[in-house]
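Asker: Just need the structure, nothing else, for what follows:
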Amino acid sequence: MTTFPIHSSETAPEASKPILTAVQKNFGFVPNLIRVLAEAPAAAETYTTVMGIFQGSSLSNAEQQTVLLSVSFANKCDYCMAAHTTIAGMKDVPVEIIEALRSGTTLPDTKLDALAVLTRSVVETRGWPTDDAKEAFFTAGYGTQQYLEVIVGVSLKTLSNYVNHAADTPLDGAFEPQKWAA
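Answerer: Modelled structure (predicted):
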């Protein structure tokens, strides 16, 4: 079985080193996901660039984390579920929202629930969400801009989820308290 390298600033390809340095500066450490992505500078750059773009979307912090956790739940990504549970807590997403996202149950916030349902439906249907999911999303007050931003979030997390599946990325100590299993 092929083992994917988990790079440091010293072992990463030259084109990935500035990415690792930037992530270290922004987060105080380099998560193992980014260290795995560093093997392919295009993958590391794509992930960090799209993450920055998604963070600048019209979606609130709670909405962004709802999308990212919903995708990770649908794709059964243990690593991203733990990582984004930790991040959601840091971004003051209410615990009851996080717990519902981790269990795939109805969220206690109707608007966020419509977002979670649409996001999971987009993933599970490969971009052909159910009419009910779309109708609930738009009825909840979201527009076409937010729909497109959900697709950006799905793209972002699908990239990381699939990398984690392929590499069996080990969970970072920072995310260990939020460990999750599908």
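
Asker: Mind listing what's buried along the longest helix seen in the chain?
Answerer: Counting by DSSP state H, the longest helix found in the chain is helix 144-167. The neighbour-count check on helix 144-167 (16 or more other CB atoms under 10 Å) flags 146, 149-150, 152-154, 156-161, 163-164, 167 as buried. (Each C-beta comes from the backbone N, C-alpha and C, glycine too.)

Asker: How about stretch 117-124?
Answerer: 117-123.

Asker: Identify the residues contacting it?
Answerer: Contact with stretch 117-124 is made by 66-67, 70-71, 73-75, 104, 129-130, 133-134, 136-137, 147, 150-151, 153-154, 158, as judged by CB atoms under 8 Å, 6 or more residues apart in numbering.

Asker: Got the domain ranges for this protein?
Answerer: According to automatic domain parsing, the chain comprises the domains 14-55, 61-178.

Asker: What average pLDDT does stretch 64-78 get?
Answerer: The pLDDT scores in stretch 64-78 average 98.

Asker: got the residue ranges for the strands in this structure?
Answerer: Assigned strands in the chain: none (criterion: DSSP state E).
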